[in-house]
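Colleague: What shape does this take:
(2 chains)
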Amino acid sequence: MTNSINEITNDAQLMLLIGTNTTEAHPIIGYKMRQAKRNGAKLIVVDPRRIDLAEEADYWLRINSGTDIPFLNGLMHIIIKEGLHDKEFVRTRCDNFEALESTVKNYTPDYVSKLTGISEEDLYAVARLYAKTDRAMLFYTLGITEHICGTQNVMSCANLAMLTGHLGRPGTGVNPIRGQNNVQGACDMGALPNVYSGYQPVINTEIRQKFELAWGVSLPDKVGLMIPQMFDAANNGQVKAMYILGENPVLTDPNSNHIRKGLEKLEFLVVHELFLTETAEYADVILPAASFAETNGTFTSTERRVQRVRQAIEPVPGQANWQAIMAMSAELGYPMDYNDPEDVWMEMAFLSPSMAGITYERLEEKGIQWPCQSCDHPGTACLHAASFTRGKGLFQGIDHIPPHEVPNEEYPFLLNTGRILQHYNVTTPYSMAIQSMWSEEYSELNPEDACKLCVETGDQVKVSSRRGTITARVKVTDRVPPGMIWMSFHHATSPTNVITSEGLDPTTKTGEYKVAAVKLEKV
Amino acid sequence: MEMVKLTINGKEIEVPAGTTILKAAEQIGINIPRLCFLEELSSVGACRMCVVEVKGARALVASCAAAVAPGMEVQTHSPAVMEARTTILDLLVANHPLDCMTCDKMGACELAALCYEYGVKQSTFDGEKHSYPLETSNPFIIRDMNKCILCGRCVRACAEITGQDTIDFINRGFNTKIAPFFDEEYVESNCVYCGQCVSVCPTGALTESQMAGKGRRWEYTKVKTTCPFCGTGCNFDLCVKDDKLIGVTSNPDAPVNGRGLCIKGRFGWDFVNNENRLTTPLIKKDGKFVEASWDEALALIAKSLKEIKEKNGADSFAALSSARCTNEENYLVQKFTRAVMGTNNVDHCART
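Modeller: A predicted model of the protein is given here:
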């Protein structure tokens, strides 16, 4: 997030939500949005589903799946046409306005309305409201990124915020709400194929030399593989051994039959896990993992806040994960010499300028939001106050990119997927309390379609895509529009990712979990 | 900012206009008892425990709701105030089961703490008592409405923190009760099991099912930590007894979420105690996993990875790190992959 969570209730006058079911996927943030709305802030929800926050919204725009770019271009078309853009911000803080202007010129309200399913009247109203409100926060989640055009969707959100000057001040910003407890931190730590910790590129010689000196080894200068490429490489025999820590790609990655085949082909697989998961079944060696309650360390939240994780009980498997990784490294001839996780943090902070000022001691009370370059720096609640990372913000002219796969005669339904309130990906099914109430998939299906298929809530349907077939119970509800089935991916008994699309965003290799074509049959 | 001068218990104090008497007293270290008042919620002045004597006022004043005024003279513990508070407690206890010895809230019960402070052992009133059935139909929250003192904190927490509006006051007089629509149980309502109601309840009316009978409140060690579920970064306390995790409770000082949590954060922690947790390394032999020592497992990993690397080169290895794990674990996984295995093939589920 460019901005901070507490700005929702403290500063924002308007919240524009695109593709985020916040009260279920990020409940505390969603509850704050509801508080802000009830205290007078405006709320605009753009989502194909009538999510809980849609009930409270000033405007709920039921957008057709995969039409975010035309929608955002349509808003910008109106804003520019009516001269509502922040001309001063555009002139002093941004580049390339002409490219944006000439692209969005083509996205007339009439054309956009036809593509998105949103009325022209609502497009005008929302464009004017967002542009004219002084402090407006834009939020998105995976409804924006999990498309083949995820990168362009994000850039379009940035275009809109820059155009209206909604950046760099409290109560504004482009705010992706990150899904997992430490997905921000895993990126910050360099668990990515192209960067070391603090987003320092592996292909930069000077930086590589810094790490070589610190670690006492020579380091590879070629960017590594992203997850989908790893499984492609496993399938074609280039990758032969893997170590997987705390991930269950068989359930969570799209097109999971491809993942299973890749895992099968590996010569050697180590899985470091809490449970004997679907992925661990493929392992040659399983290392038992310690949970968050059994280790010291830090997580970094969606607002870049680094916070302490504190050990409450002894590690169930006898070793914390950092100790196990150290032991593995020592066995391979590279002893690491850390007394505790704090030592690890200090090495990382020393090597990473954006986090150099963060110490465990400073995290004690309230954590710190990076960037925090020195020990007297208070951290950064709001990014881009004076300038952007590259200096000026770069507008991009972006055209509509339709989904990889759209419903047709044979596969007439659109499959959309996501998280439900009670579950968190694939960990909560191990909570006996939660599982005792929500142990099965209930896919959402519109009453119109349910009627045609002769199914009622609780009935089983067979859901098939070009990649496989699964069965699931349905819940008949007008939360979803006709023509859509919405499924969660929490339950091993209805492994939704068997049927999700193989379409990927070519830049990020993120799967298009939000759009696939499927057919439904009553069981 | 406009400042107001007043005296509390003879001490002069200056506070911003609009400050309540209760907050002003806190600033000079005077603690006024309260049951319905809670910092994060709106003030309703319902329980009357916080009454104080204000010179010239017609009656005792609820200090949680009344704002200071210039020249005000306040007595927080005068005989009239003490008598009023004792009577209020006496009345509350008249219809409150005194099964404190087995009550799970004992040790954290605000009613018990005040009765102790004011010397209220049992009620001097002998009246009708409720005998509501215990609600245990959901796996998260036990509702014992016999212990409810109608302070309304839960109603406000549900409305003001979560915005779910599941519960409210129903009926009148002695039959007043807090309940979901149509006096149904939580399982029949729109409750999202965030447990905000439990975290604000001053008595044993609302308690955590998972913690029932697991230990007395003073036996727990509380360890402040960060939630392992979504990316919001909520903080809470892990409750530990005898090296066993027995529950999660709100930590009001949490910078992002305060007292608020969701169903996953407050009640999903029990995956840690799941009996299917792996406790020892496993090695696959003839298609079956067999238990192994850490030494055996690590030796096999080292031997296999070395062989594969020597035969096929460093890029034949790839590591998948985890957005569930700590920063330090992630840093070590990427360092291991790069420095030990010699490849940049490291990624995690940010993109999947």
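Colleague: ok, so what distance separates A:Leu16 from chain B?
Modeller: According to Cβ to the nearest Cβ, to the nearest Å, A:Leu16 stands 19 Å off from chain B. For the C-beta atoms, the positions are set from N, CA and C on the backbone; glycine is no exception.
Colleague: which residues sit against stretch B:338-347?
Modeller: Applying Cβ atoms under 8 Å, 6 or more residues apart in numbering or on different chains, the contact partners of stretch B:338-347 are A:190-194, A:196, A:202, A:211, A:215, A:217, A:219-220, A:222-227, A:230, A:239, A:329, A:332-334, B:305, B:309, B:314-315, B:317-321, B:333-334, B:337.
Colleague: In ChimeraX, select just the buried ones from the residues you listed.
Modeller: Those of the contacts of stretch B:338-347 that count as buried under 16 or more other Cβ atoms under 10 Å in any protein chain shown are selected in ChimeraX with:
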select /A:190,191,192,193,194,196,202,211,215,219,220,224,225,226,227,230,239,329,332,334 /B:305,309,314,315,317,318,319,320,321,333,334,337
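Colleague: Can you tell me which of the contacts of stretch B:338-347 end up in strands?
Modeller: A:196, B:317-320 (DSSP state E).
Colleague: And those, which is closest to B:Val54?
Modeller: Closest approach to B:Val54 among the ones in strands among the contacts of stretch B:338-347 (Cβ to Cβ): A:Tyr196, at 64.3 Å.
Colleague: what bridges to that closest one?
Modeller: Beta-bridge partners for A:Tyr196, by DSSP bridges, are A:Gln200.
Colleague: what sits against it?
Modeller: Contacts of A:Tyr196 (Cβ under 8 Å, 6+ apart): A:190, A:202, A:207, A:211, A:351-352, B:334, B:338.
Colleague: could you dump the residues you listed to a markdown table with distance to A:Glu247 and pLDDT?
Modeller: Shown next, in a markdown table, are the contacts of A:Tyr196 (distance: Cβ to Cβ, whole Å; pLDDT from 0 to 100):
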| residue | distance to A:Glu247 | pLDDT |
| --- | --- | --- |
| A:Gly190 | 17 | 98 |
| A:Val202 | 22 | 98 |
| A:Ile207 | 27 | 98 |
| A:Phe211 | 24 | 98 |
| A:Leu351 | 25 | 98 |
| A:Ser352 | 24 | 98 |
| B:Gln334 | 14 | 98 |
| B:Arg338 | 19 | 98 |
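Colleague: Go through those residues and say which is closest to A:Ser439.
Modeller: Nearest to A:Ser439 among those is B:Gln334, at 36.0 Å by Cβ to Cβ.
Colleague: Show the contacting residues for the closest one.
Modeller: The contact partners of B:Gln334, taken as Cβ under 8 Å, 6+ apart, are A:189-192, A:196-197, B:319, B:321, B:346.
Colleague: if you set the cut-off to 10 Å instead, what comes out?
Modeller: B:Gln334 makes contact with A:186, A:189-193, A:195-197, A:224, A:348, B:319, B:321, B:344, B:346-348, according to Cβ atoms under 10 Å, 6 or more residues apart in numbering or on different chains.
Colleague: State the pLDDT value of B:Arg351.
Modeller: Per-residue pLDDT puts B:Arg351 at 69.
Colleague: I should have written A:Gly179 there, sorry.
Modeller: With respect to pLDDT, A:Gly179 scores 89.
Colleague: From A:Thr277, how far off is it?
Modeller: Separation of A:Gly179 from A:Thr277 (Cβ to Cβ, to the nearest Å) stands at 19 Å.
Colleague: excluding its backbone neighbours, what's nearest the closest residue to chain B within the stretch 251-400 of chain A?
Modeller: Using Cβ to the nearest Cβ, A:Ser301 is the residue of the stretch 251-400 of chain A that sits closest to chain B, at 2.6 Å. Leaving aside its chain neighbours, A:Ser301 sits nearest to B:Gly233 (2.6 Å; criterion: Cβ to Cβ, 6 or more residues apart in numbering or on different chains).
Colleague: Can you verify the one you found is assigned to a strand?
Modeller: No: using DSSP: H, G, I helix; E, B strand; the rest coil, the assignment for B:Gly233 is coil, not a strand.
Colleague: correct me, but it touches A:Ile5?
Modeller: Yes: using Cβ atoms under 10 Å as the test, B:Gly233 is close enough to A:Ile5 to be in contact (7.8 Å).
Colleague: Mind listing the shared neighbours of the two?
Modeller: The contact sets of B:Gly233 and A:Ile5 overlap at A:28-29, A:301-303, A:305, B:255-257 (Cβ under 10 Å, 6+ apart).
Colleague: circling back to that earlier point, B:Gly233 and A:Ile5 - which one has more neighbours?
Modeller: Taking other Cβ atoms under 10 Å in any protein chain shown, B:Gly233 and A:Ile5 do not tie; B:Gly233 has more neighbours (29 against 25).
Colleague: what's near enough to touch that one?
Modeller: With Cβ under 10 Å, 6+ apart, B:Gly233 has these contacts: A:5, A:28-29, A:178, A:181-182, A:184, A:299-307, A:367, A:369, B:226-227, B:254-257.
Colleague: Just those residues: which are in helices?
Modeller: Counting by DSSP state H, the part of the contacts of B:Gly233 found in helices is A:28-29, A:184.
Colleague: which one of these is nearest A:Tyr107?
Modeller: Nearest to A:Tyr107 among these, with distances taken as Cβ to Cβ, is A:Ile29, at 30.1 Å.
Colleague: List the backbone torsions phi and psi for the residue positioned nearest the centre of chain B.
Modeller: Geometric centre of chain B, nearest residue: B:Ser250, 2.7 Å, by Cα atoms, centre = their mean. Phi and psi for B:Ser250, reported as degrees, to the nearest 10, are phi -60, psi 150.
Colleague: same deal with the one 5 residues further on?
Modeller: The phi and psi values for B:Pro255, taken as degrees, to the nearest 10, are phi -70, psi -30.
Colleague: In space, what's closest to it - neighbours in sequence excluded?
Modeller: Spatial nearest neighbour of B:Pro255, excluding adjacent residues (Cβ to Cβ, 6+ apart): A:Lys366 at 4.0 Å.
Colleague: For the one you found, grab phi and psi.
Modeller: Phi and psi for A:Lys366, reported as degrees, to the nearest 10, are phi -130, psi 10.
Colleague: For it, give me its contacts.
Modeller: Here A:Lys366 is in contact with A:305, A:307, A:379, B:235, B:253-256 (criterion: Cβ under 10 Å, 6+ apart).
Colleague: Of those residues, which pair is most distant in space?
Modeller: Using Cβ to Cβ, these span at most 17.6 Å, a distance reached by A:Gly379 and B:Asp253.
Colleague: what about these two, which has more around it?
Modeller: A:Gly379 (19 against 12).
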